[in-house]
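Student: here is my input; please provide its structure:
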Amino acid sequence: MSAAEGPLVVGVDSSTQSTKALVVDAATGQVVASGQAPHTVSSGAGRESDPRQWWDALCAALHQCGEAAHEAAAVSVAGQQHGLVTLDARGEPVRSALLWNDVRSAPQARRLVEELGGPKAWAERTGSVPGASFTVTKWAWLAENEPEAVRSTAAVRLPHDYLTGRLTGLGTTDRGDASGTGWWASSTESYDDEILAHVGLDPALLPRVVRPGEVVGTVRDSHDLPFSRGTLVAPGTGDNAAAAMGLGLRPGTPVLSLGTSGTVYAVSRHRPADPSGTVAGFADARGEWLPLACTLNCTLAVDRIAALLGLDREAVEPGAGVTLLPFLDGERTPSMPHASGLLHGLRHDTTAGQLLQAAYDGAVHSLLGALDLVLDRDADRTAPLLLIGGGARGTAWQQTVRRLSGRPVQVPDAKELVALGAAAQAAGVLTGEDPAAVARRWRTADGPVLDAVERDEAALTRIAAVLSDASPLLEREAGTR
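Tutor: Reported below is the predicted structural model:
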């Protein structure tokens, strides 16, 4: 291991498919060791994972980091948002966690919005209009469908809370991740007693919301992890808030993230409240806000289309006239939880490469449609769009975003921005710095800028028209007429 200039910190990214751990030099941002281990997600009607797999994956990833992890002075865990983790009195999972992309709670989401004042009231109260992704709807689904599981629940956690709790033995969360539950009110920055009472959730089951920069505890001695005694544990946060810290975002800089889900977001000084429900009014992990729009279908859906066509994911061909909406898992933006993929405009001369390009176009169209709503009045709408996530280095993704946005696109050189953001938060609890300032010192957002090209208005108009015309079909639940 090369000599580090400053103390070492660990940043963790526990995502939908795997857990990654980075050991980072807090002075320079250099990654000195890394590890990664997978976990599984159920298929079928729901999307579930056993939280114990996340812990096993975290342990495996940390052990891959070797001696560097033992030398770390602080650790922070970022995790996938919204997931419902139910624990019994012994701290063991009551059942598998319901994940963010499990849309079975769509009926409960609609009912909760109606029963507690409608979309505008929810947006003003919590910052967001809850859809099937939000944790409050999953708790309502569980209460209706598995009441025995609810009766056995002694603690309710989010995915990052679960891992932080396993490290410290304490029940904590942060404002960034709490803001995605639907039971944390952004207007008061506290749990909402009326919402909790309405869904029958005792606030005593919830974790304490810690302050930005607070040390939540130290790593316990009671498990076999390569940490030294007294290693500090930072608050952690949700994955998008961590990526925002990892980029060192200043207010108004737009981000488009291409992963299993697609997101567009920007840090804001103004508390968001979008009654349309397109923009989730999340808090960030630092004391500001993170208005965000999310799609369920992004890189995984496009890769699935490529596999069905027998093509490499980069084997796109230009062509007008064909539209493919890759809503393979239902969709969140636009809100169509029962949707499936839709193909329109197929002709004898349509090629497989053109179909694949249409899938890229359909995925990016949904994200760009929400971008103007995400950016507030202080945003610079000519600034380069930061492109991050697993798809960001793909040529087809880059060119599609450039063509449909008409904006310059910057691709940061730094990889694993969620884990880097967690590492910056861990560094912040050591030094007292703002984690975003730490990341800017690490120059994580540096990378090539791709010039703007003329926006493809014809493609945008065509996709919007197909989406509008097909909405009644896409919104129809499977099996209904």
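
Student: centre of the chain to stretch 112-124, how far?
Tutor: 23 Å (C-alpha atoms, centre = their mean, to the nearest Å).

Student: first-to-last residue distance for it?
Tutor: Terminal residues of stretch 112-124 are spaced 15 Å apart (C-alpha to C-alpha, to the nearest Å).

Student: how about it: buried residues?
Tutor: Residues of stretch 112-124 classed as buried under the neighbour-count rule (16 or more other C-beta atoms under 10 Å) are L112, V113, L116, P119, W122, A123, E124. Backbone N, C-alpha and C define where each C-beta goes, glycine included.

Student: state the mean pLDDT of it.
Tutor: For stretch 112-124, mean pLDDT rounds to 97.

Student: with stretch 360-368 instead?
Tutor: Averaged over stretch 360-368, pLDDT sits at 96.

Student: of all the buried residues of stretch 112-124, which comes closest to P334?
Tutor: The closest of the buried residues of stretch 112-124 to P334 turns out to be P119 (C-beta to C-beta; 14.3 Å).

Student: that closest one reaches V113, doesn't it?
Tutor: Yes - contact criterion C-beta atoms under 8 Å: P119 and V113 qualify, at 5.9 Å.

Student: look up the closest residue to V156, ignoring the ones flanking it.
Tutor: Nearest residue to V156 in three dimensions, chain neighbours excluded: L205, at 4.8 Å (C-beta to C-beta, 6 or more residues apart in numbering).

Student: which pLDDT value belongs to that neighbour?
Tutor: Model confidence at L205 (pLDDT) stands at 98.

Student: that one against A154, yeah?
Tutor: Yes - proximity of L205 to A154 meets the contact threshold set by C-beta under 8 Å, at 6.8 Å.

Student: tell me the buried residues in stretch 457-473?
Tutor: A459, L460, R462, I463, V466, L467, A470.

Student: now do the same contact list for the fourth one.
Tutor: The one in question is I463. T323, L325, D361, G362, H365 (C-beta atoms under 8 Å, 6 or more residues apart in numbering).

Student: and it, how close does it get to T400?
Tutor: Distance, I463 to T400, using C-beta to C-beta, to the nearest Å: 12 Å.

Student: need the residues touching each of the two.
Tutor: D361.

Student: how about the strand or helix carrying K138: buried residues?
Tutor: Using DSSP states H and E, K138 falls within helix 135-145. Using 16+ other C-beta under 10 Å as the test for burial, helix 135-145 gives T135, V136, T137, K138, W139, A140, W141, L142, A143.

Student: and these as TSV, adding distance to Q425 and pLDDT?
Tutor: What follows is these, written out as TSV (distance: C-beta to C-beta, whole Å; pLDDT from 0 to 100):
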residue	distance to Q425	pLDDT
T135	22	98
V136	26	98
T137	28	98
K138	26	98
W139	27	98
A140	31	98
W141	32	98
L142	30	98
A143	34	98
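
Student: buried residues in stretch 183-201?
Tutor: For stretch 183-201, a neighbour-count test (16+ other C-beta under 10 Å) marks W183, W184, A185, S186, Y191, D192, I195, L196, V199, L201 as buried.

Student: look up how far A241 lies from the nearest residue to the last one once chain neighbours are set aside.
Tutor: In space, L201 comes closest to W139 once its chain neighbours are excluded; the distance is 5.8 Å by C-beta to C-beta, 6+ apart. When distance is defined by C-beta to C-beta, W139 is 22 Å away from A241.

Student: is it true that V453 lies in a strand?
Tutor: No - secondary structure of V453 (DSSP: H, G, I helix; E, B strand; the rest coil): coil, not part of a strand.

Student: contacting residues around Y162?
Tutor: Shown in contact with Y162 (C-beta under 8 Å, 6+ apart): P51, W54, W55, G79, V85, L87, A97.

Student: now those as a markdown table including pLDDT?
Tutor: Shown next, in a markdown table, are the contacts of Y162 (pLDDT from 0 to 100):
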| residue | pLDDT |
| --- | --- |
| P51 | 97 |
| W54 | 97 |
| W55 | 96 |
| G79 | 97 |
| V85 | 98 |
| L87 | 98 |
| A97 | 98 |
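
Student: what's the farthest-apart pair in these?
Tutor: Once C-beta to C-beta is applied, these give G79 and L87 as the farthest pair, at 15.2 Å.

Student: for the residue of the chain most remote from its centre, helix, strand, or coil?
Tutor: Going by C-alpha atoms, centre = their mean, the residue of the chain most distant from its centre is H348, 39.5 Å out. Three-state assignment for H348 (three-state DSSP): coil.

Student: on the pLDDT front, check it for me.
Tutor: pLDDT, read off for H348, is 96.

Student: how much space separates it from T137?
Tutor: In this view, H348 and T137 are 45 Å apart by C-beta to C-beta.

Student: then C298?
Tutor: In terms of C-beta to C-beta, C298 sits 21 Å off from T137.

Student: that older thread, distance of the residue nearest to L201 relative to T86?
Tutor: For W139, the distance to T86 - C-beta to C-beta - is 9 Å.
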